[in-house]
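Peer 1: Here is a sequence together with a model predicted from it:
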Amino acid sequence: MTDPAPERIWDLHCHLSGETGRTPDEIIAKIIARADRMGIERMAFYMGYPMTANPSPDELRRQNDQIIQALSHWHHRAFGFAYVNPNHVDASIAEIERCIDRGPMVGIKLWVARRCNDAALDPIIKAAHARKAVIFQHTWLKAAGNLPGESSPNDLVELAARHPETPLICGHTGGDWERGIRIVRASPNISIDLAGSDPTAGFVEMAIRELGASRIIYGSDVGGRSFASQLAKVRSARSLSDGDRRLILGGNLRRLLAPIFKAKGMRMDA
Amino acid sequence: MIDVNVSLSHWPFRRLPLDQTQTLVAALKREKIHQAWAGSFDGILHRDVAAVNERLASECKPHDMLVPFGTVNPSLPDWRDDLRRCHEIHKMPGIRLHPNYHSYTLDDPKFAQLLDEAAARAMIVQLAVTMEDERTQHPLVRVPPVDLKPLAALIAGRSKVRIVLLNAMGVLRGAPLKTLLNTGRVWVETATLEAVAGIEHFVANYGAKRLLIGSHAPFFCVGAAQLKLQESILSEQDAASITEGNAQMLLKSP
């Protein structure tokens, strides 16, 4: 393993899908070997495989079990968020209890089953917040229109207004980051995720200007994306101070995770 | 390292941090790129392509590392003269095409004529399959990727064409990619090659001889290409081919 980069890079956004392997253990080992080459210290994993847009309660449990299995030998390098589905609120809360209270996970992942402005999410958000769990919501602003249950940053702003004390993460910053940044700008409890879009230049520069470095979190979206292209968004950003770079590459994520790590007795040191 | 996918001037929808040539050149050098094949963003939408190419040639001139690839749009009247000027006046080794922005398909007879005339002049043809993620395009300028289906059949009868597909790897995979690479006349580059260790997986599936380094700078972050190399485990020989050898050979041999 190469020495971890001085920035202590923590990756907010990793999946098992997209990398080959017969088991979750094989897949995560391959991904961590690549993370070593890129100086990435720890990674958040969520959702198993195959990617399922509207998972049943059984499928949620199966996919969360895949992640728990993948993490089992890598707790010093990786942590997990429980995949939940607002179309199955009771089952989602049961997964929060199973995976977070009684298991190793430290956050929740909401994908594209139901738009996040829906009040159906409220019990899930409250359950996660009560446990200090990190809350990650996928968002996009697709030129051809989102999927029926796919959230936009506008939807997340509505959710954030209903839960003003709850930190929320805007996955992908809506993809169309020039609009996504503007949409979440006035919602101080929303941080943005840099992951999973082309490495278009200027993303980080605009985000720092409009949101400040403390609301920006590096993530990759591997295995569908490379660590490389997503790290480049930060590495190539112009006029980025060392302090801001450290916040974006890991400091902000550690700040959000610190309460639940402490509550669960998990260590954050390198 | 040779970067075959760089553009000068201004992206039509956003100012980019490196869209001044001097600044771009300095950033490319920091990434250990000593030669960059440069088209012009102006070529995407401007109609006075002759002026676009003149500016491109003159912008590249003070920088030894920049190799200009002029735009040719066969939908414009008298496009052959643009091709001639690129070759005879500006001494460009190749041209860059944007069929999707220029409203023609690859089964249009004009495209076949352009391939033939470029080959007759021993010019490389760079074909930009996409310029940006279709999902994030401006609502008034929605441009799908170039449909590459007709390309293999066109190349079959043309043993002298050399085509570099730019920004293709997000939409071209599997059997269609293999078919094109097997013609021996098509190269692709790394700008939109994604997934963990994407370059290494590409080499395992298709070999190293048809892959070139492309940054798509300044639209994409200039550092991504070098980081992609770092993420993949490559033999010294394959790394040398991808970073330098393939592009040199392509530039030298018609």
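Peer 2: Yep, that arrived.
Peer 1: From now on I want contacts and neighbour counts done on CA atoms only, so please keep to that.
Peer 2: Noted.
Peer 1: Quick check: residues of chain B near chain A?
Peer 2: Applying C-alpha under 8 Å from any C-alpha of the partner chain, we find that chain B lies next to chain A at B:16-17, B:133-139, B:192, B:194-198, B:218-225, B:227-228, B:230-232.
Peer 1: So which of the residues you listed are in helices?
Peer 2: Among these, the members falling in helices (DSSP state H) are B:198, B:224-225, B:227-228, B:230-231.
Peer 1: what ranges do the strands span in the chain?
Peer 2: Let's take chain A. Here chain A has its strands, by DSSP state E, at A:9-14, A:40-45, A:78-84, A:107-110, A:134-140, A:168-174, A:190-193, A:216-217.
Peer 1: switch to chain B, that's the one I care about
Peer 2: B:2-8, B:35-40, B:66-71, B:94-97, B:124-128, B:163-166, B:186-189, B:211-212.
Peer 1: Partner strands of the last one and their direction?
Peer 2: When sheet partners are counted by DSSP bridges, strand B:211-212 sits next to strand B:186-189 (parallel).
Peer 1: returning to what we had before: counting neighbours, which of the ones in helices among the residues of chain B next to chain A comes out on top?
Peer 2: Most neighbours among these, by other C-alpha atoms under 10 Å in any protein chain shown: B:Ala224, with 29 neighbours.
Peer 1: Can you get me a residue count around A:His73?
Peer 2: By other C-alpha under 10 Å, 13 other residues sit near A:His73.
Peer 1: Read off the pLDDT value for it.
Peer 2: The score at A:His73 is 95. That number is its pLDDT.
Peer 1: what residues are up against the spatially closest residue to B:Lys32 that is not a sequence neighbour?
Peer 2: Nearest residue to B:Lys32 in three dimensions, chain neighbours excluded: B:Met1, at 6.2 Å (C-alpha to C-alpha, 6 or more residues apart in numbering or on different chains). By C-alpha atoms under 8 Å, 6 or more residues apart in numbering or on different chains, the contact set of B:Met1 is B:32-35, B:213, B:243-244.
Peer 1: what about 6 Å?
Peer 2: By C-alpha atoms under 6 Å, 6 or more residues apart in numbering or on different chains, the contact list for B:Met1 reads B:33-34, B:243-244.
Peer 1: do the same with B:Glu244
Peer 2: B:1-2.
Peer 1: still on that earlier bit, using a markdown table, please lay out the strands of chain A together with mean pLDDT, distance to chain B and mean neighbour count.
Peer 2: Shown next, in a markdown table, are the strands of chain A (pLDDT from 0 to 100; distance: least, C-alpha to the nearest C-alpha, whole Å; neighbours: other C-alpha atoms under 10 Å in any protein chain shown):
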| stretch | mean pLDDT | distance to chain B | mean neighbour count |
| --- | --- | --- | --- |
| strand A:9-14 | 98 | 11 | 26 |
| strand A:40-45 | 98 | 11 | 25 |
| strand A:78-84 | 98 | 17 | 27 |
| strand A:107-110 | 98 | 21 | 26 |
| strand A:134-140 | 98 | 9 | 25 |
| strand A:168-174 | 98 | 9 | 28 |
| strand A:190-193 | 98 | 16 | 27 |
| strand A:216-217 | 98 | 17 | 28 |
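Peer 1: Redo these as TSV? Include distance to B:Asp116.
Peer 2: Shown next, in TSV, are those (distance: least, C-alpha to C-alpha, whole Å):
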stretch	distance to B:Asp116
strand A:9-14	46
strand A:40-45	49
strand A:78-84	54
strand A:107-110	52
strand A:134-140	43
strand A:168-174	43
strand A:190-193	47
strand A:216-217	50
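Peer 1: Skip the chain neighbours and tell me the closest residue to the residue of the stretch 51-200 of chain A found nearest chain B.
Peer 2: Of all residues in the stretch 51-200 of chain A, the one sitting closest to chain B is A:Thr200 (4.3 Å; C-alpha to the nearest C-alpha). Distances taken as C-alpha to C-alpha, 6+ apart put B:Phe220 closest to A:Thr200, at 4.3 Å, once the chain neighbours are dropped.
Peer 1: Looks like the one you found contacts A:Phe203 (just checking).
Peer 2: No - with contact defined as C-alpha atoms under 6 Å, B:Phe220 does not reach A:Phe203; the gap is 10.1 Å.
Peer 1: out of the two, which sits in the more crowded spot?
Peer 2: Set B:Phe220 next to A:Phe203 and count neighbours by other C-alpha under 10 Å: B:Phe220 wins out with 25 against 21.
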